[in-house]
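Undergrad: give me a 3D structure for the following:
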Amino acid sequence: MKELIKKFCTKEIILYAIFGILTTLVNIVTFYILHSIFSIDENLSSNIGIILAVLFAYFTNRKLVFNSQANTFKEKLIEFGKFILGRLFTMIIESVGFYFLFNILQITYFDGLISKCTITIVVIILNFFISKFFAFKK
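TA: Got it, this is the predicted structure:
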């Protein structure tokens, strides 16, 4: 059991989890501030929150989690493009996956929260591997 914990509790995974939580907070806090305090439309507030969260995730993952070695502007631009493509891919997976779980399999417990949480876990895992082996590949 100790070996299994050692294998999955690496510095990289722990940092990914910490910055993932912070990324989620950036998204939610941005939405709350824009919508509740500044009375900006909820959809626009949500989209701005998502954009800021993805940018936050890129910069924190780039250096602090995956220790990117991209140095030139071109290398960084390609890396950023790959990161965004990966996030777009998992956004599609999340949308289709939620639809499948909620509408087709009818996992509607707690107003769909079980379906949402299940597909979110899949997306988080996919995002980790896409970032590690595609976007920030050494």
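
Undergrad: can you give the domain ranges for this structure?
TA: 1-65, 71-138 (automatic domain parsing).

Undergrad: got TSV for those, with mean pLDDT and mean neighbour count too?
TA: C-betas here are computed from N, CA, C, even on glycine. Below are those laid out as TSV (pLDDT from 0 to 100; neighbours: other Cβ atoms under 10 Å):
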stretch	mean pLDDT	mean neighbour count
domain 1-65	90	15
domain 71-138	90	15
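
Undergrad: which residues are contacting stretch 2-13?
TA: By Cβ atoms under 8 Å, 6 or more residues apart in numbering, the residues outside stretch 2-13 that reach it are 65-66, 128, 132.

Undergrad: looking at these, which are in helices?
TA: Applying DSSP state H to those, the entries found in helices are Phe128.

Undergrad: a markdown table for the contacts of stretch 2-13, including distance to Lys74?
TA: As requested, the contacts of stretch 2-13 are exported to a markdown table (distance: Cβ to Cβ, whole Å):
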| residue | distance to Lys74 |
| --- | --- |
| Val65 | 22 |
| Phe66 | 19 |
| Phe128 | 25 |
| Lys132 | 21 |
